[in-house]
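1. sequence and predicted structure are below.
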Number of protein chains: 2
Amino acid sequence: MGTTQLESVPEPKYWHLKTVLNDALDSEFEVGEILPNERDLAARFGVARATLRQALEQLELEGRLQRRRGVGTTVAPPRMGVAVGPSANSWPGARDAWETVGCVEAVAPAAIAALLGTGPDEAVHTIRRARVMRGQPVAAELLYVPPASVPGLPADLSPAAHAPAVLRELHALELEGEDRAVELGSARADDAKQLDRLPGAPVLVVTSRYYTGGRVAAASVSTYRADTCRLTFGDAGAFEVTHHQQDTRQAS
Amino acid sequence: MGTTQLESVPEPKYWHLKTVLNDALDSEFEVGEILPNERDLAARFGVARATLRQALEQLELEGRLQRRRGVGTTVAPPRMGVAVGPSANSWPGARDAWETVGCVEAVAPAAIAALLGTGPDEAVHTIRRARVMRGQPVAAELLYVPPASVPGLPADLSPAAHAPAVLRELHALELEGEDRAVELGSARADDAKQLDRLPGAPVLVVTSRYYTGGRVAAASVSTYRADTCRLTFGDAGAFEVTHHQQDTRQAS
């Protein structure tokens, strides 16, 4: 039945090996277990080291394996479902899952300045935040708030009072809407450190815009670990828990 | 002003090279231009081939470079903003951006059967679809529809009539909601072929569930090219076009 459009495609060698390895992970290894070294694995499966390495890289991209500094390659637990707005429909910092790490006033990168409509040399409040789930860092964020969005901000704030004051002023505005973009990126050094990864690790970069009074009042760039996270949209994030979804699903 | 929490972090060698290369791409190369070979580039920047390759991989992850079969490494155009529901709030196949490629009845993968609540050996209608933007394939999709969701489906459908009939029956149901998860993956051979990529290329995998009558009536797994796409949520997808956003932004 059906057409024959779903025809099979010849697979490269590492791809076949990946399938074999995947089955071996299911049947022989526990989550968290350390894999044998590359030389032993290549010998066992009768492949070249380069082929093995390609297959391991695929499995890492797919979240099946994790490379951990000073540990080696381990079998990864299932990815965590991490809810990414707009379910809450609330400003950053209001009842959300993030913690403030620091705050500076600085000129934003050109791409952010374009989103915010600020000038190329205009300093904006830049709040660094961290998101932790199940004791693990899952995301690092920079939240950008132009001074024009928080005109009532007191002058001469102490460093510790800076971020709370910016967020408080932001929350006084009416949030009219938000939108997001998700793309693949590689972790910058500062984000990587916060995420306990090496610089360059694959990350999912979520760029969010928050609207008030017909313009963008704030923007954020959130960097999620691509190895441990699946981003969920439109419900409470309990994507895996099928039986409970009927209560939490998004209204259309 | 501000705290000193945003301290600098020592950067590995390839990371510094990546920054230098990025600037060179901006100032010396046009979109689509082919980069010199690795040996020449390594010599020019005075680094080892391995270091160069790491930096090129980073730039590929970030969408700055593309490796194209039979061409080499080229400077990538900016990623395309690709709208991913639920802006339309409509069933798959109803006024959407996808084209049907084929349709079979087949047992779904275990993870999909769990989402749908179907039995492990129950065949479901499986529609393969393709999404093209600006003449380029951007995504491949498998849409899974259990027979229980389309009880009025005529028997003995011809291959060509199969997918349209399933979609027509699906559209007769009231769509109550949808949710999505986004994660990093590597392209399976059949998807890779459809996307004009090699198997294993990094992809953004979007898993969607469509609800009706308090249960999941259909699910889809959409595989987007991670090199050329940024997925947009919550507006018409014109994320780059800042000036027009005031009209298209999502209502809160």
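-> The structure has been received and is ready for your questions. Numbers count the residues shown, from 1 in each chain, chains lettered A, B, ... in the order given.

2. and the strands in the stretch 51-200 of chain A, which stretches?
-> Under the criterion DSSP state E, counting those that start in this stretch, the stretch 51-200 of chain A carries strands at the ranges A:65-68, A:72-75, A:80-83, A:98-107, A:123-133, A:136-145, A:177-186.

3. any chance of TSV for these, columns mean pLDDT?
-> What follows is these, written out as TSV (pLDDT from 0 to 100):
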stretch	mean pLDDT
strand A:65-68	84
strand A:72-75	91
strand A:80-83	92
strand A:98-107	94
strand A:123-133	96
strand A:136-145	96
strand A:177-186	92
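
4. how about CSV for the ones you listed, with distance to B:Ala160 added?
-> Backbone N, C-alpha and C define where each C-beta goes, glycine included. Below are these laid out as CSV (distance: least, CB to CB, whole Å):
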stretch, distance to B:Ala160
strand A:65-68, 42
strand A:72-75, 45
strand A:80-83, 38
strand A:98-107, 51
strand A:123-133, 47
strand A:136-145, 46
strand A:177-186, 36
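
5. neighbours of the nearest residue to A:Asn37 once chain neighbours are set aside, how many?
-> The shortest distance from A:Asn37 to any non-neighbouring residue, by CB to CB, 6 or more residues apart in numbering or on different chains, is to A:Gly72 (7.6 Å). Residues near A:Gly72, counting by other CB atoms under 10 Å in any protein chain shown, number 13.

6. now for A:Gly72: which residues touch it?
-> A:34-35, A:37 (CB atoms under 8 Å, 6 or more residues apart in numbering or on different chains).

7. state which one residue of the stretch 51-200 of chain A is found closest to chain B.
-> A:Gly102 (2.8 Å; CB to the nearest CB).

8. I'd say that residue and A:Arg128 touch.
-> Yes: the criterion here is CB atoms under 8 Å, and A:Gly102 meets it with A:Arg128 at 4.6 Å.

9. so for the two, which residue has more residues nearby?
-> Applying other CB under 10 Å to A:Gly102 and A:Arg128 shows that A:Arg128 carries more neighbours, namely 23 against 19.

10. hmm, back to that, return the distance of the residue of the stretch 51-200 of chain A closest to chain B relative to A:Ala130.
-> 10 Å (CB to CB, to the nearest Å).

11. do A:Leu204 as well
-> 16 Å.

12. which one's more surrounded, the two?
-> A count of neighbours by other CB under 10 Å puts A:Leu204 above the other of A:Leu204 and A:Ala130, at 25 against 17.

13. okay, the strand or helix carrying that one in CSV with CA atoms only?
-> Assessed by DSSP states H and E, A:Leu204 sits inside strand A:202-212. The C-alpha coordinates for strand A:202-212 follow below in CSV (Å, rounded to 0.1, in the frame of the first residue of the first chain):
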residue,chain,number,x,y,z
PRO,A,202,26.8,22.6,20.3
VAL,A,203,24.0,24.7,21.8
LEU,A,204,20.5,25.7,21.0
VAL,A,205,20.3,29.5,20.9
VAL,A,206,16.9,31.0,21.6
THR,A,207,16.5,34.7,20.8
SER,A,208,13.4,36.2,22.4
ARG,A,209,11.8,39.6,22.0
TYR,A,210,9.4,41.1,24.5
TYR,A,211,7.0,43.8,23.3
THR,A,212,5.3,46.7,25.1
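
14. and the angle from the very next helix or strand once past that strand to strand B:177-186?
-> Using DSSP H and E, the helix or strand that directly follows strand A:202-212 along the chain is strand A:215-225. Interaxial angle, strand A:215-225 versus strand B:177-186 (axes from the mean of the first three to the mean of the last three CA atoms, to 10 degrees): 50 degrees.

15. list the strands paired with strand A:215-225, with their directions.
-> If you go by DSSP bridges, strand A:215-225 pairs up with strand A:136-145 (antiparallel), strand A:202-212 (antiparallel).

16. identify the residues contacting the residue nearest in space to the middle of chain A.
-> For chain A, the residue sitting closest to the mean C-alpha position, by CA atoms, centre = their mean, is A:Tyr224 at 1.5 Å. Residues counted as contacts of A:Tyr224 (CB under 8 Å, 6+ apart) are A:82, A:138-139, A:203-206, A:231.

17. out of those residues, which are buried?
-> Among the contacts of A:Tyr224, those buried by neighbour count (16 or more other CB atoms under 10 Å in any protein chain shown) are A:82, A:138-139, A:203-206, A:231.

18. B:Ala165: which of those residues is nearest?
-> A:Leu231 (34.0 Å; CB to CB).

19. report pLDDT for the closest one.
-> pLDDT for A:Leu231: 95.

20. does any bit of the host helix or strand of it sit next to chain B?
-> Using DSSP H and E, A:Leu231 sits in strand A:229-233. Yes: Strand A:229-233 lies within reach of chain B by CB under 8 Å from any CB of the partner chain, at A:229-233.

21. nearest to B:Lys13, of those residues?
-> A:Cys229 (28.1 Å).

22. run through the bridge partners of the closest one.
-> With DSSP bridges as the rule, A:Cys229 is bridged to A:Met80.

23. wait, it touches A:Val138, no?
-> Yes: look at A:Cys229 against A:Val138 with CB under 8 Å: they come within range, at 5.4 Å.

24. please enumerate the shared neighbours of those two.
-> A:80, A:82.

25. and the contacts of the lengthiest helix in chain A?
-> Using DSSP state H, we find that the single longest helix of chain A is helix A:13-28. Helix A:13-28 has contacts (CB under 8 Å, 6+ apart) with A:45, A:47, A:51-52, A:54-56, A:58-59, A:64-65, A:75, B:189, B:199-200.

26. buried subset of the residues you listed as a ChimeraX selection?
-> Filtering these down to the buried ones (16+ other CB under 10 Å) takes a single ChimeraX command:
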select /A:47,51,52,54,55,56,58,59,64,65,75 /B:189,199,200
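
27. and the strand holding A:Leu231, what does it pack against?
-> If contacts are counted by 3 or more CB pairs under 8 Å, 6 or more residues apart in numbering or on different chains; DSSP states H and E, strand A:229-233 sits against strand A:80-83, strand A:202-212, strand B:177-186.

28. quick one: buried residues of that strand?
-> Quick answer for strand A:229-233 (16+ other CB under 10 Å): A:229-233.

29. and that strand, how far out from the chain's middle?
-> 8 Å (CA atoms, centre = their mean, to the nearest Å).

30. pull the CA atoms of it into CSV?
-> The C-alpha coordinates for strand A:229-233 follow below in CSV (Å, rounded to 0.1, in the frame of the first residue of the first chain):
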residue,chain,number,x,y,z
CYS,A,229,18.0,19.6,26.6
ARG,A,230,14.9,19.4,24.4
LEU,A,231,13.1,22.6,24.2
THR,A,232,9.3,22.4,24.6
PHE,A,233,6.8,24.9,23.4
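
31. what's that strand in contact with?
-> Counting by CB under 8 Å, 6+ apart, A:79-84, A:138-139, A:182, A:204, A:206, A:224, A:239, B:179-183, B:233 sit against strand A:229-233.

32. A:Leu56 touches A:Leu65, doesn't it?
-> Yes: with contact defined as CB under 8 Å, A:Leu56 counts as touching A:Leu65 (6.2 Å).

33. mutual contacts of these two, please.
-> Common neighbours of A:Leu56 and A:Leu65 (CB under 8 Å, 6+ apart) are A:Thr73.

34. shaky segments in chain A?
-> In the predicted model, chain A carries pLDDT under 70 at residues A:1-11, A:86-89, A:235-252.

35. picking that back up, so which of the contacts of A:Gly72 wins on neighbours?
-> In those, the most neighbours by other CB under 10 Å go to A:Leu35, 19 neighbours.

36. next one: the closest residue to that one other than its chain neighbours from A:Phe29, what distance?
-> Distance criterion CB to CB, 6+ apart; nearest residue to A:Leu35, sequence neighbours excluded, is A:Thr73 at 4.6 Å. For A:Thr73, the distance to A:Phe29 (CB to CB) stands at 11 Å.

37. can you list residues touching both of those two?
-> A:Leu35.
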